[in-house]
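1. Show me the folded form of this:
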Amino acid sequence: MSLFFQSGYSAFLGLIANLILTILLTPTIFGMYITVLSIISLLNYFSDIGLAASLIQKKEITDDDIKTTFTIQQILILTLIVIGFFATSSIRKFYDLPVEGIYLFWGLLLAFFISSLKTIPSIFLERKIQFQKIVRVQIIENTVFYLLVTTLALLNFGVMSFTYAVIARAVIGLIAMYSISFWKPGFGISRKSLKTLLSFGIPFQASSFLALFKDDLITLFLGKVLGFEGLGYIGWAKKWAESPIRIIMDNINRVLFPVISRIQNDKEKIARLIEKLLNYQTLLLAPTLAGLAIMMNRFIGIIPRY
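-> I've put the predicted structure just below:
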């Protein structure tokens, strides 16, 4: 219920913000933001190798497990950020990015690093199924992001609206997370812990590669082939078409993973739980998606620029 509340609040806030941004900003700026965001998502995929998921699903975790996860994650993230920074000129030439697009890319790299520092405190909360506290942080982050990006767009900041907003969201989110679930960062690598964590983490991470290809690699390809304006229309449509899945299914799955981890030895109970959830999800998603398809033509007519 906490996650649904957060998603509902964010969806409403996002609806208002997106309507304003759609009027104020061009599809080209949307396409630029979506392309750069996909580059960061690609980096994010290789920044974890499933270690966070391993910590969530383990029955008991040790201090060595936590330090090993944090240390390996930071090594990977800093390596990817350095690669991303030195690849800036190649990315700029490939997509013909303006200077503001480069600043957006660097801003997202900075936000990527800041957000990574929240991983361990967030894992502690997920293991205890305390999603209401995670939701509190997400509400603060989304409020800061949407209000700031809308205000800056009204002040004619263009694509820089996103740059300042993503950095502000990351910083405020980090402060909020540590105020709710404080953890003193520690460094160290235990070979025993790493071997155990990777035995689950790597197959888990590999299982989501298809989603990475479908969502981000194709977006990067389209950004080059169609240009930012064409991708802006596709990204806008994709966002609304997927909104019921993001709000309903993603939230259920996020709670389901740590819950199943606690009862992982009771296969029959897990099977019954998943069957019920599939039924309820379909009952919610099918009519919602059908309603969106029927409504979208009129919805687009409301927006002056479109």
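2. ok, Ile102 - how many residues close by?
-> Residues near Ile102, counting by other C-beta atoms under 10 Å, number 16. All C-beta spots, glycine's among them, are computed from the backbone N, C-alpha and C.
3. Rounded mean pLDDT for the strand or helix carrying it, please.
-> If you go by DSSP states H and E, Ile102 is part of helix 99-116. Taken as a whole, helix 99-116 has an average pLDDT of 89.
4. Helix or strand next in line after it, which one?
-> helix 119-127.
5. Can you show me the helices along the stretch 1-150 of the chain?
-> In the stretch 1-150 of the chain, the segments counted as helices under DSSP state H, counting those that start in this stretch are 2-24, 27-45, 51-57, 63-86, 88-95, 99-116, 119-127, 131-154.
6. helices or strands next to the longest helix anywhere in the chain in the packing?
-> Longest helix of the chain, by residue count under DSSP state H: helix 267-302. With contacts taken as 3 or more C-beta pairs under 8 Å, 6 or more residues apart in numbering; DSSP states H and E, helix 267-302 sits against helix 227-244, helix 250-262.
7. May I see the buried residues of that helix?
-> Gln281 (16 or more other C-beta atoms under 10 Å).
8. same check, this time on stretch 78-87
-> By 16+ other C-beta under 10 Å, the buried positions in stretch 78-87 come out as Leu80, Ile81, Gly84.
9. Any figure for the gap between the residue nearest to the last one when sequence neighbours are not counted and Gln138?
-> What sits nearest to Gly84 in space, not counting adjacent residues and going by C-beta to C-beta, 6 or more residues apart in numbering, is Leu109, at 5.4 Å. In this structure, Leu109 lies at 21 Å from Gln138, with C-beta to C-beta, to the nearest Å as the measure.
10. could you check the angle helix 88-95 makes with the helix holding Ile102?
-> When axes from the mean of the first three to the mean of the last three C-alpha atoms, to 10 degrees is applied, the directions of helix 99-116 and helix 88-95 differ by 120 degrees.
11. roughly how far is helix 99-116 from the heart of the chain?
-> In this view, helix 99-116 has its centroid 14 Å away from the chain centroid, taken as C-alpha atoms, centre = their mean, to the nearest Å.
12. For that helix, name the packing helices and strands.
-> By 3+ C-beta pairs under 8 Å, 6+ apart, helix 99-116 packs against helix 27-45, helix 63-86, helix 88-95, helix 160-180.
13. Okay, angle between the longest helix of the chain and helix 227-244 too, please.
-> Put simply, helix 267-302 runs at 130 degrees to helix 227-244, going by the same axes, to 10 degrees.
14. sorry, back to before: go through the helices and strands packed on helix 99-116 and name the closest to Ser122.
-> The minimum distance between Ser122 and these falls on helix 160-180, with 6.5 Å, by C-beta to C-beta.
15. Need the residues that contact that closest one.
-> 21, 25, 33, 100, 103-104, 107-108, 110-111, 114-115, 117-118, 121-122, 125, 133, 136-138, 140-142, 144-146, 148-150, 152-153, 157 (C-beta atoms under 8 Å, 6 or more residues apart in numbering).
16. if I pick Leu24, what's in contact with it?
-> The neighbourhood of Leu24, defined by C-beta under 8 Å, 6+ apart, consists of Ala153, Leu154.
17. Compute the distance between it and Ile77, please.
-> On the measure of C-beta to C-beta, Leu24 and Ile77 end up 33 Å apart.
18. same thing with Phe105?
-> According to C-beta to C-beta, Phe105 and Ile77 sit 16 Å apart.
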